[in-house]
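K.L.:
The following comprises the amino acid sequence and a computationally predicted model.
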Amino acid sequence: MNTLPGETLVAETHGYSPEFWEGRSVVFIANLLSLFFGNRGETYLLEHEIPDVDTYGGRLLPILSILFKGGDNLLLLERTPEPALTAYFLDTLGLALPEIEILSHKNYEHLAAAASRNEKLPDWPLVHRLRAHPAVLTDGFVTDSGLCALSAALGKRPLSTPEGSRRGNNKHLLHRALEAEGLPVFETHMAESVREVAAALARLRTSGYRSAVVKAQIGASGIGLRRFAIDDADPAVPASFFHEGPCMVQGWLAPGTLGVREVLSPSVQMFLDDETVYLYDLTEQILSGEASVHEGNESPPPFLERLPDLAPELFRQAGI
């Protein structure tokens, strides 16, 4: 265990999980379509490129009461979860599941907008239930101004802040932080327009890359990320990619490029409470083909035995 500035502790708990949120309960709003902080272009792409996106919140069903161990958790989903999966979590795995209510994204936005304007919330049974629910915390896939306003109108408080949530999801800030700490980063050029993207591709070509990726500062699940051939003189970059400011144009690593032999996607799992950052597991991301959409994680990664130096190095970098 070591200490970061501001007296934050970093603890490595390999082989067992942290205690998570003892005694805390939550109302979790699965606000997936708020993921891009008002970037309507990226939200449109998410809805139209990933089928049945409103089922995504169901992945929270088996884990919410593991993370929040106070017992009175309420999960607001956009669609009723698959009954067979719910039965499997309850009957086969013996998990404690949160209570569930259904709230469409349209109705969620309606509530958040009313709260943001300091208007009285609609006289819906769900609103009464939310106000009466014993959990004092709210959370979501992201914390934006709408979630904060709605939380206040319900007499609750969000676990995170809009600024912290937005900065924590910003890939450009992450790149700069890694660079400042001397950690490995992709070769990156910033582009404020499509014309500058083409110029960045030309620079990467001279470095020996065969293709490159244009990455919006905030994106997820393959949205806000587009791969281009290195000689593309007229890359079709959506305007939504520039919503947060300049895009990142990065060299795409693949076997055979710049001496790369193999590409893997391990990640260190973290849990943050009020005082400590726990680094407790190592997983391999399951990514779909060309789109690089995140489809899940596998633990432990199947390649650890043949790469014995990998895990210590990943935990070292994660600690930084």
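P.N.:
Thanks, I have the structure now.

K.L.:
Okay, now the unreliable bits of this structure?
P.N.:
1-7, 289-292 (pLDDT under 70).

K.L.:
And the helices in it, which stretches?
P.N.:
40-49, 64-67, 83-87, 105-116, 125-132, 145-153, 162-168, 171-180, 194-206, 310-319 (DSSP state H).

K.L.:
winner for burial among those?
P.N.:
helix 145-153 (a mean of 21; mean count of other Cβ atoms under 10 Å). Every residue, glycine included, has its C-beta placed from N, CA and C.

K.L.:
Could you export that helix as CSV, keeping only the C-alpha atoms?
P.N.:
Provided in CSV are the C-alpha atoms of helix 145-153 (Å, rounded to 0.1, in the frame of the first residue of the first chain):
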residue,chain,number,x,y,z
SER,A,145,-26.0,18.0,-14.5
GLY,A,146,-29.4,16.3,-15.2
LEU,A,147,-28.7,13.4,-12.8
CYS,A,148,-27.6,15.9,-10.1
ALA,A,149,-30.7,18.1,-10.5
LEU,A,150,-33.0,15.1,-10.4
SER,A,151,-31.1,13.7,-7.3
ALA,A,152,-31.6,17.0,-5.5
ALA,A,153,-35.3,17.1,-6.4
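
K.L.:
got the contact list for that helix?
P.N.:
29, 31, 34, 109, 111-116, 121, 138, 140, 157-158, 161-162 (Cβ atoms under 8 Å, 6 or more residues apart in numbering).

K.L.:
Then stretch 220-237?
P.N.:
35-36, 42, 45-46, 49-50, 169, 194, 197-198, 201, 204-205, 209-216, 218-219, 238, 240-241, 247, 252, 288, 290-294.

K.L.:
Whichever of the residues you listed end up buried, select them in PyMOL.
P.N.:
Those of these that count as buried under 16 or more other Cβ atoms under 10 Å are selected in PyMOL with:
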select buried, resi 35+36+42+45+46+50+169+194+197+198+201+204+205+209+210+211+212+213+214+215+216+218+219+238+240+241+247+252+293
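
K.L.:
and stretch 11-19, which residues are buried?
P.N.:
Neighbour-count burial for stretch 11-19, counted by 16+ other Cβ under 10 Å, picks out 12, 18.

K.L.:
For the helices of the chain, give me CSV that also has distance to residue 282.
P.N.:
CSV is the format used below for those (distance: least, Cβ to Cβ, whole Å):
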stretch, distance to residue 282
helix 40-49, 28
helix 64-67, 19
helix 83-87, 26
helix 105-116, 34
helix 125-132, 37
helix 145-153, 31
helix 162-168, 21
helix 171-180, 18
helix 194-206, 30
helix 310-319, 6
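
K.L.:
so which of the ones you listed gets nearest residue 21?
P.N.:
helix 64-67 (5.9 Å; Cβ to Cβ).

K.L.:
what's in contact with that closest one?
P.N.:
With Cβ under 8 Å, 6+ apart, helix 64-67 has contacts from 20, 21, 26, 28, 71, 73, 75, 95, 96, 97, 98, 271.

K.L.:
and what of stretch 93-111?
P.N.:
Under Cβ under 8 Å, 6+ apart, the answer for stretch 93-111 is 28-29, 31-34, 54, 60-62, 64-66, 71, 73-81, 86, 89-90, 121-122, 126-127, 129, 146, 150.

K.L.:
Could you report the neighbour count for the nearest residue to residue 114 once chain neighbours are set aside?
P.N.:
Counting by Cβ to Cβ, 6 or more residues apart in numbering, residue 121 is the residue found nearest to residue 114 once chain neighbours are left out, at 5.7 Å. Neighbour count of residue 121, defined by other Cβ atoms under 10 Å: 17.

K.L.:
With residue 71 instead?
P.N.:
Residue 71, neighbours per other Cβ under 10 Å, totals 13.

K.L.:
who are the neighbours in contact with it?
P.N.:
25, 65, 96.

K.L.:
Of the residues you listed, which is the nearest to residue 134?
P.N.:
Looking across the contacts of residue 71 and measuring by Cβ to Cβ, the closest to residue 134 is residue 25, at 6.5 Å.

K.L.:
my guess is residue 310 contacts residue 316, does it?
P.N.:
No: with contact defined as Cβ atoms under 8 Å, residue 310 does not reach residue 316; the gap is 10.8 Å.

K.L.:
can you tell me which residues contact residue 186?
P.N.:
175, 250, 251, 253.

K.L.:
Next, format these as a markdown table and append distance to residue 302.
P.N.:
Converted to a markdown table, these look like this (distance: Cβ to Cβ, whole Å):
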| residue | distance to residue 302 |
| --- | --- |
| 175 | 28 |
| 250 | 27 |
| 251 | 27 |
| 253 | 20 |
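
K.L.:
most surrounded residue in those?
P.N.:
residue 251 (24 neighbours).

K.L.:
And it, how far from residue 189?
P.N.:
9 Å (Cβ to Cβ, to the nearest Å).

K.L.:
Between the two, which contacts overlap?
P.N.:
Joint contacts of residue 251 and residue 189 (Cβ under 8 Å, 6+ apart) are residue 204.
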